[in-house]
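*Asks:* got a predicted structure plus its sequence, pasted below:
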Amino acid sequence: MQQRYDAIIVGAGMAGIYAVYHLQRLGLSIKLFEAGSSVGGTWYWNRYPGARVDIESMEYSYAFSDELQQEWSWSERYAGQAELSRYFEFVTDRFDLRRHMQFNTRVSGARFDEDAAEWVVSTSDGQTHRAQYCVMTTGLLSAPNKPEIKGLEQFKGEVYHTGLWPKEPVDFSGKRVGVIGTGSSAVQAIPLIAEQASHLTVFQRTPAYAVPLRNHPMPAEYQQKVKADYAEWRRKERYESFGGWVAMHYEASGLTTTMALDTSPEERRALYEDRWQNGGLAFYNVYPDVYVNREANDTLAEFIREKIRARVNDPATAALLTPDYPILMKRLIADTNYYEAYNRDNVALVDISKRPIETITATGVQANGQHYECDALVLATGYDAMTGALTRMHVEGRGGRLLTDHWAERARTYLGLMCAGFPNFFVIDAAGSPSVVFQPIFVAEEQINWVGDCIQQIAGSGRRSIEARPEAEDAWGDECERALQATLFPTVNSWYVGANIAGKSHKGLIYLGGMAEYRRWFNGEAAEGYPGFLFDGGLMQNAVA
Ligand code: N01
């Protein structure tokens, strides 16, 4: 029998867990569907060797409950995948949320039934379910990008994607392993695979900028100090973070407001060296002009390039590993012994920047006219980020409008929250939001609180639905584009700008205006009665034209 709920939530990652918590407290009947066998989302699927968060554990966690903050203790400065999974399990059980969740069930599609003003959601178990609202907590980096490399299907060995790693331990002992890709996932996995494998060949298309993570066991006194003043700590992270961009509270030397180009080389170097010693992503909190001015960016990029050269023994390998494009425009990587892995005798780097891999054969990889024998391949080739999880479903709005068509030319959203012609369909941590340049757990909490308020408004006013106005979507698209073009981001190929997926537009993918400005927009909408939205269809013809 078809079940009906007030809200269906899709995906039990960190956003989905909070959505269940929040919406059931508002008295809504809810159901969450999750393809995996438990909670955690990205942290459930990414079990590859070395998977670890690069935002400090005390920050990369929920802020919605002080009891939770006090009860949970982190064992490391940066939590590993297993501990993060335990944390999400703990939160789910602590608040008794599992009873609203159905696992091993992938949502394949959602269709808006205009007469009933309800969504009809199809799941992989062949069932359909109805709900007034859909809350899509499907993740930013959750649709793995499997590269279209000729011959991949004929490879006789094991093939793994970092984002779909098996639950059972993978043992590379005595094996010749090939890793394709050198992004964050590869950089974490390579040093550990190198320790196990008899030989490791890394196929690199673009070198990455990586800086030391400097992970260590969590000092008890530090954890206690933060817990004693967690609310204030969270407030600072949320509201006093670097330009409202990167939520990273950096106590050691505070935030800088001066420009790199107004600072002496000695002073700059001292700041960069301080960040280097601190470890992790503190480099996001340097001078504001590194994001917008190539010369300023080069001061930091050159500092990191020097460090890379110093970490790699062979100058030719070091040269291949040293990027020449602006830093921070691809996600900065925080590594543990990444460059040192290339100093091992059993690791080789193959540059495929000029000529892509020719083919994969039954026994290895053919590149640059040479054959590299492999027993196992690791595809560390990333994600169809921000849109892929949704466009891989069949989502049909008013008038049969498909989300894939709506997003064909650019990711059209208003505030990264809703789309025109897709009523009561909320997207969380998705395209058009600042999530990827802020702290996604914070953004999810704030967006879901907004969604909860919005649902209550609708229920209280006797209306049935809300959706973005087409003109508000256009304005938000322009706003995203304006903020993007003011930076160096469009000058570098990355998933931030959709460059890793053939034919994908950069437009509407990320909002770089800062979290403060983002809050001003969405709080303004709620305060002013949602002027950028239509209730009950309103000017629907415009929305699907
Ligand atoms: O993916 P990526 P990722 N042939 O897209 C290469 C987060 N994350 O999974 O750069 C050959 O960064 C591609 O080459 P190029 C984090 O936000 C966080 O590593 O496109 N190579 C690139 O080297 C991160 O940014 C953590 O030229 C191909 C690599 O594959 C995001 O997730 C850990 C290819 C993909 O790198 C994604 O990271 C892990 C092809 N056909 C991930 N196609 C932490 O918290 C792609 N590549 C620490």
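*Replies:* Thanks, I have the structure now. Source: prediction; values computed, not measured.
*Asks:* neighbours of His216, just the number please.
*Replies:* Neighbours of His216 under the rule other Cβ atoms under 10 Å: 10. To be clear about C-beta, it is placed using only N, CA and C from the backbone, and glycine gets the same treatment.
*Asks:* contacting residues for the spatially closest residue to Gly279 that is not a sequence neighbour?
*Replies:* Once flanking residues are discounted, Gly279 sits nearest to Arg214: 2.6 Å by Cβ to Cβ, 6 or more residues apart in numbering. Arg214 is in contact with Arg77, Asn278, Gly279, Gly280, counting by Cβ atoms under 8 Å, 6 or more residues apart in numbering.
*Asks:* which one of those residues is nearest to the ligand?
*Replies:* Checking the contacts of Arg214 against the ligand with Cβ to the nearest ligand atom, the nearest one is Gly280 at 9.8 Å.
*Asks:* any idea of the pLDDT on the residue in the stretch 251-400 of the chain positioned nearest to the ligand?
*Replies:* Residue of the stretch 251-400 of the chain nearest the ligand, by Cβ to the nearest ligand atom: Gly382 (2.5 Å). In the prediction, the pLDDT value recorded for Gly382 is 98.
*Asks:* pLDDT (mean, whole number) over stretch 151-160?
*Replies:* Mean predicted confidence for stretch 151-160 is 97.
*Asks:* can you give me the end-to-end span of it?
*Replies:* 15 Å (Cα to Cα, to the nearest Å).
*Asks:* what does stretch 462-471 give?
*Replies:* Start to finish, the residues bounding stretch 462-471 are 25 Å apart (Cα to Cα).
*Asks:* not counting its neighbours along the chain, what's nearest the closest residue to the ligand within the stretch 1-150 of the chain?
*Replies:* Taking Cβ to the nearest ligand atom, the ligand has its nearest neighbour within the stretch 1-150 of the chain at Pro147, 3.3 Å off. Spatial nearest neighbour of Pro147, excluding adjacent residues (Cβ to Cβ, 6+ apart): Thr381 at 4.7 Å.
*Asks:* likewise for Arg94?
*Replies:* Leu68 (6.4 Å).
*Asks:* low-scoring stretches of the protein, by residue?
*Replies:* 241-255, 539-545 (pLDDT under 70).
*Asks:* which bits of it sit near the ligand?
*Replies:* Taking Cβ under 6 Å from any ligand atom, the part of the chain that reaches the ligand is made up of 52-54, 141, 147, 149, 162, 180-186, 188, 205-206, 331, 352, 356-357, 380-383, 495, 500.
*Asks:* can you put the contacts of Arg214 in TSV and add secondary structure and neighbour count?
*Replies:* Listed next are the contacts of Arg214 as TSV, based on DSSP: H, G, I helix; E, B strand; the rest coil; neighbours: other Cβ atoms under 10 Å:
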residue	secondary structure	neighbour count
Arg77	coil	20
Asn278	helix	18
Gly279	coil	18
Gly280	helix	21
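*Asks:* re the thing from before, list phi and psi for the residue nearest to Pro147.
*Replies:* phi -100, psi 10 (degrees, to the nearest 10).
*Asks:* and for it, the neighbour number?
*Replies:* Thr381 has 21 neighbours, counted by other Cβ under 10 Å.
*Asks:* so who does it touch?
*Replies:* Contacts for Thr381 (Cβ under 8 Å, 6+ apart) come out as Pro144, Asn145, Lys146, Pro147, His161, Ile180, Gly181.
*Asks:* at 7 Å what do you get?
*Replies:* With contact set as Cβ atoms under 7 Å, 6 or more residues apart in numbering, Thr381 has these partners: Asn145, Lys146, Pro147, Ile180, Gly181.
*Asks:* let me see the contact set for the second one.
*Replies:* Pointing back at Lys146 there. Applying Cβ under 7 Å, 6+ apart, the residues near Lys146 are His161, Leu379, Thr381.
*Asks:* from Thr201, how far out is the first one?
*Replies:* By that I understand His161. 17 Å (Cβ to Cβ, to the nearest Å).
*Asks:* rewinding a little: quick one: which of the residues of the chain next to the ligand sit in strands?
*Replies:* Residues from those lying in strands, with DSSP state E as the criterion: Ile180.
*Asks:* and the residues of the chain next to the ligand, which are buried?
*Replies:* Buried members of the residues of the chain next to the ligand, counted by 16 or more other Cβ atoms under 10 Å: 52-54, 141, 147, 149, 162, 180-186, 188, 205-206, 331, 352, 357, 380-383, 495, 500.
*Asks:* for the protein, longest helix please?
*Replies:* helix 440-461 (DSSP state H).
*Asks:* just say helix, strand or coil for Gln366.
*Replies:* Of the three states, Gln366 takes strand according to DSSP: H, G, I helix; E, B strand; the rest coil.
*Asks:* show me the contacts for it.
*Replies:* Residues in contact with Gln366 (Cβ under 7 Å, 6+ apart) are Glu358, Thr359.
*Asks:* mind redoing it with 8 Å?
*Replies:* Contacts here follow Cβ under 8 Å, 6+ apart; on that basis Gln366 touches Gly151, Ile357, Glu358, Thr359, Ile360, Tyr372.
*Asks:* each with direction, which strands does the helix or strand following the longest helix of the chain pair with?
*Replies:* Later in the chain than helix 440-461, the nearest helix or strand by DSSP states H and E is strand 466-468. When pairing is defined by DSSP bridges, strand 466-468 lines up against strand 533-535 (antiparallel).
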